[in-house]
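Chemist: sequence and predicted structure, then a few things I'm wondering about:
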Amino acid sequence: MKWKNLKNKIWFKTITNRYILVLLVFIVWMLFFDTNSWFTHQKLDNEISEIKNNIDYYESEIAKDKKTLQQLNDSVLIEKFAREHYYMKRENEDVFIIKYEDSLK
């Protein structure tokens, strides 16, 4: 195509319009090069969702721990917890810890 024929085409006139060119440059700049680019926002949104998931997890763990603390207000349950988790014993008592072969792997 010759230059005159190309200049008369509608799509060429639209693309070479200076406002369209400035708009395209602006869009490319905002998507890729700016400090507040679209990609940066996507990364930050992913981090926010990950942090919200962590918050939900830790809130559920806090609820479990509060429930455990409320149960440990009873002296019988405190003794049971200490025996199971810390292998404590009473005087004149022997404790034998049995480990199964499956648990040693």
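Modeler: Now that the structure is in, tell me what you want to look at. All values derive from a computational prediction rather than experimental measurement. Numbering: from 1, shown residues only.
Chemist: use CA for all of it now, contacts and neighbours both
Modeler: Fine.
Chemist: next, count neighbours for Gln42.
Modeler: Residues near Gln42, counting by other CA atoms under 10 Å, number 11.
Chemist: give me every residue that touches Ala82.
Modeler: Taking CA atoms under 8 Å, 6 or more residues apart in numbering, we find Ala82 in contact with Met88.
Chemist: give me the phi and psi for it.
Modeler: phi -60, psi -40 (degrees, to the nearest 10).
Chemist: then Trp38?
Modeler: The phi/psi pair for Trp38 (degrees, to the nearest 10) is phi -60, psi -40.
Chemist: how about it: what's its closest non-neighbour residue?
Modeler: If the residues on either side of it in the chain are set aside, Trp38 comes closest to Leu31, at 5.1 Å by CA to CA, 6 or more residues apart in numbering.
Chemist: that neighbour contacts Thr40, doesn't it?
Modeler: No. Counting by CA atoms under 8 Å, Leu31 stays clear of Thr40, with 9.1 Å between them.
Chemist: how close does the residue nearest to the spatial centre of the chain sit to Ala63?
Modeler: Residue closest to the mean C-alpha point of the chain, counted by CA atoms, centre = their mean, is Glu50 at 1.5 Å. Computed as CA to CA, to the nearest Å, the Glu50 to Ala63 distance reads 20 Å.
Chemist: cool, and Asn17?
Modeler: 62 Å.
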